[in-house]
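Enquirer: Structure, please.
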Amino acid sequence: MTIPLESIKNRHKKLAQAIKEAGLAGMVLNPGPSLTYFTGLHFHLSERPVVGLFTPDTSPVLVLPELEAAKVENLGYELLPFTYPEEPEKWAGVFKAGAEGAGLGKGNVGVEDRRLRFLELELLKQAMPQANFLNAVDTVAGLRMVKDEGEIAAMQQAVDIAQQALEATLPLIKIGMTEKELAAELVMQILRQGSGTTLPFQPIVATGPDSANPHAFPTDRPLTKGDLLVIDWGANVDGYFSDLTRTFGVGEVNPEQEKIHQIVQEANAAAQALAKPGVSCGDVDKAARDIIEQAGYGEYFIHRTGHGLGMEGHEEPYIRADNPMLLQAGMTFTIEPGIYTPQHGGVRVEDDVVVNKDGLRSFSDMERGLRIVG
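Expert: Purely as a prediction, here's the structure:
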């Protein structure tokens with residue numbers, strides 16, 4: 001991923017303002033999408049800790065191992081690196097120097113509770129014994145939720161690649177091939193179509209009773225005539241993800257399966273029709289859920305209607321019943337209602353969407369109807 005220099009500088013300004021508004025002394029980020037978002041740098045979570053320290057009044061500070069020091073050369077913006085050697089007993093001193101370089105030593109310091117590990121937290125506590133570490137994931141998410149034109153373009157391309165990959169895979173589906181075999185074919189097609197090698201997740205390929213498990217893993221179960229087949233897959237362009245689901249019939253389907261699929265399609269359409277700036281995430285969830293409940297299948301819709309999407313497969317905003325957050329232009333998320341029955345299998349229809357000033361645009365346009373394969 002190459003983030004334009006002006007975008008990084010602008011993000012630093014917005015983060016500084018957000019830190020002030022949250023009443024924080026600073027923010028600590030370790031390897032993951034948020035650190036990349038604000039620095040353009042990529043680090044893996046490993047046994048060697050890396051942290052970025054951000055405050056309103058100083059340049060960003062990065063504590064990192066000596067072997068990765070070349071990553072912070074010639075960045076084009078000011079960043080203060082503090083590198084440590086291999087010996088773990090020397091790390092605490094470098095973390096302390098980094099904290100001092102950032103002007104952090106006390107007060108409330110924000111962290112991402114889903115990302116920061118015990119390893120980094122203990123080193124930070126030693127470096128800043130008077131600081132109080134708080135979960136500030138909402139502060140970071142509030143900035144990352146609204147995507148700019150470059151981010152939206154990357155997500156559109158990730159959707160296009162994913163759709164092309166599945167269309168290239170469908171003619172290869174045969175009754176008797178296993179879920180694992182189909183998943184392997186799909187992964188190859190995703191990469192051939194131009195996706196980055198780090199996929200948002202390993203594709204879900206689930207047939208028959210497996211299709212009633214929303215997060216099933218591909219198994220050695222063979223595709224069997226009369227099965228529903230759920231395929232949930234995505235691609236990666238410049239670190240931005242797509243996440244789509246379509247449901248198929250293997251060989252043939254029965255009237256109940258057709259009915260369930262039609263209901264899910266209608267729920268998807270209802271949620272997309274309602275979503276626009278100023279509408280709450282909870283109301284979008286309700287639009288989809290009302291369709292399914294009124295059809296008598298409410299107990300079989302067992303998850304939220306959607307989740308945010310971008311540099312992570314799941315991020316804010318979450319399209320669930322209890323979320324009062326109002327949609328804004330630039331927010332990107334999934335709409336993915338589903339019905340999962342033990343008798344007939346499961347159906348999910350998932351699209352990736354972006355809120356614009358006039359309403360909602362779907363990145364994805366692949367056929368949503370119940371297609372027969374095999």
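Enquirer: What are the boundaries of the helices in the protein?
Expert: 5-21, 33-39, 91-102, 118-127, 137-144, 149-169, 179-192, 255-274, 281-294 (DSSP state H).
Enquirer: Would you mark the buried spots in the last one?
Expert: By neighbour count, with 16 or more other C-beta atoms under 10 Å as the criterion, the buried positions of helix 281-294 are Cys281, Gly282, Asp283, Val284, Asp285, Lys286, Ala287, Ala288, Arg289, Ile291, Ile292. C-betas here are computed from N, CA, C, even on glycine.
Enquirer: Next: the longest one.
Expert: Applying a neighbour-count criterion of 16+ other C-beta under 10 Å, one finds 151-152, 154-166, 168-169 buried in helix 149-169.
Enquirer: Determine the set of other helices and strands touching that helix.
Expert: Here helix 149-169 touches helix 179-192, strand 228-233, strand 236-237, strand 240-241, strand 244-250, strand 332-335, strand 351-356, going by 3 or more C-beta pairs under 8 Å, 6 or more residues apart in numbering; DSSP states H and E.
Enquirer: Which residues are in contact with Ser364?
Expert: Val159, Ala162, Gln163, Ser242, Leu244, Asp351, Asp352 (C-beta atoms under 8 Å, 6 or more residues apart in numbering).
Enquirer: Distance of the first one relative to Val354?
Expert: Same thing as Val159. Counting by C-beta to C-beta, to the nearest Å, the gap from Val159 to Val354 is 10 Å.
Enquirer: intersection of neighbour lists for those two?
Expert: Phe363.
Enquirer: What residue spans form the domains of the chain?
Expert: As given by automatic domain parsing, the domain ranges for the chain are 5-144, 149-373.
Enquirer: winner for burial among those domains?
Expert: Greatest average neighbour count among the domains of the chain goes to domain 149-373 (a mean of 20), per mean count of other C-beta atoms under 10 Å.
Enquirer: separation between the residue lying closest to Asp138 once chain neighbours are set aside and Gly330?
Expert: Using C-beta to C-beta, 6 or more residues apart in numbering and skipping the chain neighbours, the partner closest in space to Asp138 is Glu316 (7.7 Å). As judged by C-beta to C-beta, Glu316 and Gly330 stand 13 Å apart.
Enquirer: before we move on, what about Val205?
Expert: Separation of Val205 from Gly330 (C-beta to C-beta) stands at 32 Å.
Enquirer: ok, back up a step: and for Glu316 and Gly330, which residues touch both?
Expert: Counting by C-beta under 8 Å, 6+ apart, the residues touching both Glu316 and Gly330 are Met145.
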